[in-house]
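S.K.: Prediction below, plus the sequence it came from.
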Amino acid sequence: MRVAVLTISDAGSRGERADGSGDAIAEWVRARGATLSARALVGDDTGD
């Protein structure tokens, strides 16, 4: 199984905060024998 992890966080995307949740999910995926195929961190501010 291949899994992609997408974290949505303004502070994380600006480098102001570590992506702890993305790290935890990626480790959980690997520990279960799945392949982490992609990982991304994007901001959630839509500019509204």
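M.R.: Everything's here; your move.

S.K.: use CA for all of it now, contacts and neighbours both
M.R.: OK.

S.K.: quick one, helices of this protein?
M.R.: 10-13, 20-31 (DSSP state H).

S.K.: quick one: residue 46 and residue 10, what's the gap?
M.R.: Separation of residue 46 from residue 10 (CA to CA, to the nearest Å) stands at 10 Å.

S.K.: picking that back up, and the helices of the chain, which one's lowest on average pLDDT?
M.R.: Lowest mean pLDDT within the helices of the chain: helix 10-13, at a mean of 92.

S.K.: so how far is it from its chain's centroid?
M.R.: Mean-position distance between helix 10-13 and its chain equals 11 Å (CA atoms, centre = their mean, to the nearest Å).

S.K.: Mind giving me the packing neighbours of that helix?
M.R.: Here helix 10-13 touches strand 35-42, going by 3 or more CA pairs under 8 Å, 6 or more residues apart in numbering; DSSP states H and E.

S.K.: The strand it packs on: which residues count as buried?
M.R.: Neighbour counts over strand 35-42 (16 or more other CA atoms under 10 Å) mark 36, 41 as buried.

S.K.: Residues in contact with that strand: which ones?
M.R.: With CA atoms under 8 Å, 6 or more residues apart in numbering as the test, strand 35-42 has contacts from 1-10, 12-13, 19, 26, 29-30.
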